[in-house]
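Participant: let me see the structure of the following:
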Amino acid sequence: MSEVAMAVGLVGAGMCLAERLAARARAWGPAAVVAVVMALMACGVCGTPLVAGACAVAGAGVWTALAGPCRGRTAAVVDLATMALLTAAVARPGSAGLTGAAGHRPGMRMPGGEGAYDVRFFVFVVACWLVARTGVHVAALAGSGAGPAPARGPAGRGPAAALLHEAGSAAMIVAMAAMVA
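Facilitator: Predicted structure coming up:
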């Protein structure tokens, strides 16, 4: 299961990065940071490098919140905050994390429950992410006043970019939670 989750997460990171490459260069940063952190997680890195990765993802979230036009920014900030939280949870010291003991594959929990994660936490994080993302879309619809607006990407680039962004974000969030749950 963990290999599938790793592959799905890397594909999601690639989708988000591909969607951002059509924008200006300054928009690439957050997607590139998340892609690197996702690759680190897939390679089985844990500890200090992932703590630095979680800080970088949180910084990318702050950058996204403060830079650029408001349209589409809130959903990206929610995604980045969730990814930073999941990355920090994997990086905690003493966890079975991704490379907890010799011979354990990345994403697998240690037998006996020592240092293992509680699956309910990750289900809760994904559920909170889904509620927050739904709230972002409902607020956008309520603010428009004229019914549903046509789907747009984070920078208003059209429905294909919106689909790529949404699918990539969902794939990464669910895969990150599945890799460590």
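Participant: quick one, helices of the chain?
Facilitator: For the chain, applying DSSP state H gives helices covering 2-21, 28-43, 48-66, 73-91, 119-144, 159-180.
Participant: now the residue nearest the centre of the chain: closest residue in space that isn't a chain neighbour?
Facilitator: Central residue of the chain (C-alpha atoms, centre = their mean): residue 83, 3.8 Å from the mean position. By the measure of C-beta to C-beta, 6 or more residues apart in numbering, the closest residue to residue 83 outside its immediate chain neighbours is residue 57, 5.2 Å from it. For glycine as for every other residue, the C-beta is placed from the backbone atoms N, C-alpha and C.
Participant: flag the shaky bits of this structure, pLDDT-wise.
Facilitator: Applying pLDDT under 70 to the chain flags residues 1, 68-72, 92-117, 144-157, 181.
Participant: assess the claim that the residue nearest to residue 83 and residue 37 are in contact.
Facilitator: Yes - the pair residue 57 / residue 37 is scored as a contact, 5.7 Å apart, by C-beta atoms under 8 Å.
Participant: who has more neighbours, these two?
Facilitator: residue 37 (29 against 26; other C-beta atoms under 10 Å).
Participant: could you check how far that one is from residue 121?
Facilitator: Note on residue 37: its distance to residue 121, by C-beta to C-beta, to the nearest Å, is 19 Å.
Participant: likewise for residue 91?
Facilitator: In terms of C-beta to C-beta, residue 91 sits 15 Å off from residue 121.
Participant: who has more neighbours out of these two?
Facilitator: Neighbours per residue (other C-beta under 10 Å) separate residue 91 from residue 121, with residue 91 holding more: 24 against 15.
Participant: nearest spatial neighbour of that one, chain-adjacent residues omitted?
Facilitator: Per C-beta to C-beta, 6+ apart, closest to residue 91 is residue 50, 3.4 Å.
Participant: do the same with residue 21
Facilitator: Spatial nearest neighbour of residue 21, chain neighbours left out: residue 28 (6.5 Å); criterion: C-beta to C-beta, 6+ apart.
Participant: wait, what's in contact with the residue nearest to residue 83?
Facilitator: If you count contacts by C-beta atoms under 8 Å, 6 or more residues apart in numbering, residue 57 has them with 33-34, 37, 80, 83-84, 87.
Participant: and those, which is closest to residue 66?
Facilitator: When these are compared for distance to residue 66 (C-beta to C-beta), residue 80 wins out at 12.3 Å.
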